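K.L.:
sequence unknown, structure follows:
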């Protein structure tokens, strides 16, 4: 039983001191994002320009890590996948942060190796995370970033903006696909650099908006 999903390393390019699988750059970008759990439940159907993302509570997409091959056919019905987003909480130990970063990139690199359109999801946890969260990400490319739940509270926003500056300075992205919101000036810095910011509202925001329209 390969409970560590070692098969995901087949064909992978390992980056940095921690040898985390690298996700190659792409110019492809989603027009719409649907969370894995909604795809799994049948609430989200394939459509042109629609990609699957994992910007939700970790437990909702833990089944993918446990049995990733089981979901290949399901994911293949969509135009692409944003790499998983296992949490990097501020109170996590370094070992927890590195492990979740590894899972994010290993999953995405494996799907890319299989021929999926994959967008690197860049999740960081302060400057200390630059040694493991930045080397596996593509430079001068399109990347994904989840802002849902990260910018409303001032303390969260301050950390988010600081990390975003680090990501922009080190990766120099051409485009950032944002799942959530760009409110409160959270993306002012990359915009000032000329980075193309494409904001895709979270599934929850879309549902709330539809409810208000009704």
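P.N.:
Good, I have the coordinates. Note that the coordinates shown come from a computational prediction; the quantities given were computed from them, not determined experimentally. Residues are numbered from 1 along each chain as shown.

K.L.:
can we go C-alpha only for contacts and neighbour counts from here?
P.N.:
OK.

K.L.:
close enough to count as contact, residue 82 and residue 107?
P.N.:
No: the pair residue 82 / residue 107 is not scored as a contact, 10.0 Å apart, by CA atoms under 8 Å.

K.L.:
which residues touch the residue positioned nearest the centre of the chain?
P.N.:
Computing the C-alpha centroid of the chain and ranking residues by CA atoms, centre = their mean puts residue 121 first, at 2.7 Å. With contact set as CA atoms under 8 Å, 6 or more residues apart in numbering, residue 121 has these partners: 82, 83, 84, 85, 104, 105, 143, 144, 145, 146.

K.L.:
related to what we said a few turns ago, of residue 82 and residue 107, who's got more company?
P.N.:
residue 82 (29 against 23; other CA atoms under 10 Å).

K.L.:
The more buried one: what's it in contact with?
P.N.:
With contacts taken as CA under 8 Å, 6+ apart, residue 82 has the following neighbours: 51, 52, 53, 54, 108, 118, 119, 120, 121, 144.

K.L.:
Quick check: the first one is in a strand.
P.N.:
The reference is to residue 51. Yes: read with DSSP: H, G, I helix; E, B strand; the rest coil, residue 51 is one of the residues of a strand.

K.L.:
and it, how far is that from residue 66?
P.N.:
Counting by CA to CA, to the nearest Å, the gap between residue 51 and residue 66 amounts to 21 Å.

K.L.:
neighbour-wise, which of those two wins?
P.N.:
The neighbour comparison of residue 51 against residue 66 (other CA under 10 Å) goes to residue 51, with 26 against 13.

K.L.:
show me the contacts for that one.
P.N.:
With CA under 8 Å, 6+ apart as the criterion, the residues that contact residue 51 are 30, 31, 32, 33, 34, 78, 79, 80, 81, 82.

K.L.:
Next, count neighbours for the third one.
P.N.:
By the measure other CA under 10 Å, the count of residues near residue 32 is 19.

K.L.:
what's the longest helix seen in the chain packed up against?
P.N.:
For the chain, the longest helix by residue count, based on DSSP state H, is helix 94-113. Packing contacts for helix 94-113, counted by 3 or more CA pairs under 8 Å, 6 or more residues apart in numbering; DSSP states H and E, involve strand 20-21, strand 118-119, helix 130-133.
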